[in-house]
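Trainee: A predicted structure for the sequence below; I have some questions about it.
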Amino acid sequence: MLKFCKVELLRENYFHTVFEATKILLKKSGSGTGITENGSKLTIKAFEHSQTNRLFLAFNTLQTENELSEQKRTNASVPRDVRTFRNPMAHGPKIFWHLSEEDMLDLLTLVSLLRRHLDSAANTGRTPP
């Protein structure tokens with residue numbers, strides 16, 4: 001993750017550090033899925049799951065109740081967190097976003113956790129309609 005936001009971090013530009021980090025989640029969410037949407041539409045589609053729709057990305061084998069619960073939790077986290085942090089940053093002026101160093105570190109920790117989940121995710125072979 002540092003590769004993507006090191007310059008901004010060294011400049012203490014916390015806004016763009018977090019903004020660049022959230023872009024990593026989007027890139028990784030769409031990687032290899034064939035999904036052409038971007039932003040929250042991409043993450044919602046990549047992690048949607050229903051009785052009729054198989055997942056695009058699975059974080060485990062989905063064989064036990066614990067694995068299914070972990071998948072559901074992560075499915076909810078990625079789209080929600082991308083919308084919470086990236087969308088306001090992408091669509092609003094930086095001047096309205098005060099981001100302390102502590103907030104930036106907390107957000108990077110969350111992005112790092114979600115990124116690790118995505119790094120271990122397996123493409124299920126589902127293709128977009």
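Mentor: That came through fine.

Trainee: list the buried residues in stretch 99-110.
Mentor: Within stretch 99-110, the residues that count as buried by 16 or more other Cβ atoms under 10 Å are 99, 104, 107, 108, 110. C-betas here are computed from N, CA, C, even on glycine.

Trainee: ok, so of the residues you listed, who is nearest residue 64?
Mentor: The closest of these to residue 64 turns out to be residue 110 (Cβ to Cβ; 25.3 Å).

Trainee: sitting in helices, which of the buried residues of stretch 99-110 do you find?
Mentor: Using DSSP state H, 104, 107, 108, 110 are the members of those that sit in helices.

Trainee: am I right that the first one is in contact with residue 17?
Mentor: So that's residue 104. Yes: using Cβ atoms under 8 Å, residue 104 is in contact with residue 17, at 5.8 Å.

Trainee: what about the residue nearest the centre of the chain, helix or strand, and which?
Mentor: The centroid of the chain falls nearest to residue 25 when counting by Cα atoms, centre = their mean (3.5 Å). Assigned by DSSP states H and E, residue 25 belongs to helix 14-30.
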